[in-house]
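K.L.:
okay, predicted coordinates and the sequence, questions at the end:
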Amino acid sequence: MKVTEKQWAAFFNEINPGFFDPDHDKRMQKDKPSSEMFLNLREFDENCYEKKFSENVTFGYLNKDHDELLAVVKKVMPIWVPLFDGRTNVYCGFVDGKIVSFCMVEDLGEHILVGERVNIGSPGCAGTLPEYRNRGIGLVMLRNATKILRDAKYDYSYIHHTYETEWLKKLGYEVVLCWDERGILWS
Ligand SMILES: CC(C)(COP(=O)(O)OP(=O)(O)OC[C@H]1O[C@@H](n2cnc3c(N)ncnc32)[C@H](O)[C@@H]1OP(=O)(O)O)[C@@H](O)C(=O)NCCC(=O)NCCS
């Protein structure tokens, strides 16, 4: 399916109504444009990124103490703390059972994209504690979360508001829109 920039923009407005209203809190983290990224899950290669870990590194849905998660989120990105309100599934990387990496796994629902009815899922707000970065934990966690969406029969995986485009491209995600505080930056 070929989706134009205009169609992605319409989709963006559908799932983020009022986003470019002047009083909308866009949670800008950097003084540079942010990106929206998509991955067609029918084309997702689950072997795109591999890393070997020792046995004390594990991955899975969070089903324990929410306070531990909030403390980790606070260390990684304090402005995300209110977003982790306990209503969304959270998938994590653990070292010795402790959370070191996290992301939300959200259902964004059914949408019409270029006349086709599609289900969209989103692994959002991914972060790794600074002292555990560059070991492959965050990317394997996000690869697994993407695989979970694919296996749950979502058609597309969508990542909203990211600056880490080169990192996400390693999993096959593509930039479909860039924007700044004033609105979409048309290419
Ligand atoms: C972005 C972030 C989640 C990366 O976590 P991480 O656990 O360090 O990432 P990984 O170690 O799994 O990265 C895997 C690979 O990507 C590389 N990489 C790490 N950060 C990268 C970046 N910002 N850009 C490009 N490549 C990166 C690693 O060197 C590693 O390379 P390899 O191919 O040699 O294995 C982490 O830096 C973070 O928490 N940042 C703050 C929150 C944030 O901006 N999140 C982005 C939301 S999408």
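P.N.:
Ah, there it is.
K.L.:
now do the contacts for Phe53.
P.N.:
Phe53 is in contact with 135-137, 140, counting by C-beta atoms under 8 Å, 6 or more residues apart in numbering. (Glycine included, C-beta is placed from N, CA and C.)
K.L.:
let me have those in JSON lines, extended by pLDDT.
P.N.:
Listed next are the contacts of Phe53 as JSON lines, based on pLDDT from 0 to 100:
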{"residue": "Arg135", "pLDDT": "98"}
{"residue": "Gly136", "pLDDT": "98"}
{"residue": "Ile137", "pLDDT": "98"}
{"residue": "Val140", "pLDDT": "98"}
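K.L.:
pick out the most distant pair among those.
P.N.:
Within the contacts of Phe53, Arg135 and Val140 form the most distant pair, 9.2 Å apart (C-beta to C-beta).
K.L.:
need the single longest strand in this protein, by residues.
P.N.:
Ranked by residue count and defined by DSSP state E, the top strand of the chain is strand 98-113.
K.L.:
each with direction, which strands does that strand pair with?
P.N.:
Strand pairing for strand 98-113, determined by DSSP bridges: strand 89-95 (antiparallel), strand 116-128 (antiparallel).
K.L.:
show me the strands in this protein, by range?
P.N.:
For the chain, applying DSSP E gives strands covering 34-40, 57-61, 89-95, 98-113, 116-128, 156-162, 174-180, 183-184.
K.L.:
need those in JSON lines (columns: mean neighbour count, distance to the ligand and mean pLDDT).
P.N.:
Shown next, in JSON lines, are the strands of the chain (neighbours: other C-beta atoms under 10 Å; distance: least, C-beta to the nearest ligand atom, whole Å; pLDDT from 0 to 100):
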{"stretch": "strand 34-40", "mean neighbour count": "21", "distance to the ligand": "8", "mean pLDDT": "97"}
{"stretch": "strand 57-61", "mean neighbour count": "14", "distance to the ligand": "11", "mean pLDDT": "98"}
{"stretch": "strand 89-95", "mean neighbour count": "21", "distance to the ligand": "7", "mean pLDDT": "98"}
{"stretch": "strand 98-113", "mean neighbour count": "18", "distance to the ligand": "6", "mean pLDDT": "96"}
{"stretch": "strand 116-128", "mean neighbour count": "19", "distance to the ligand": "3", "mean pLDDT": "96"}
{"stretch": "strand 156-162", "mean neighbour count": "22", "distance to the ligand": "4", "mean pLDDT": "96"}
{"stretch": "strand 174-180", "mean neighbour count": "17", "distance to the ligand": "12", "mean pLDDT": "96"}
{"stretch": "strand 183-184", "mean neighbour count": "14", "distance to the ligand": "19", "mean pLDDT": "92"}
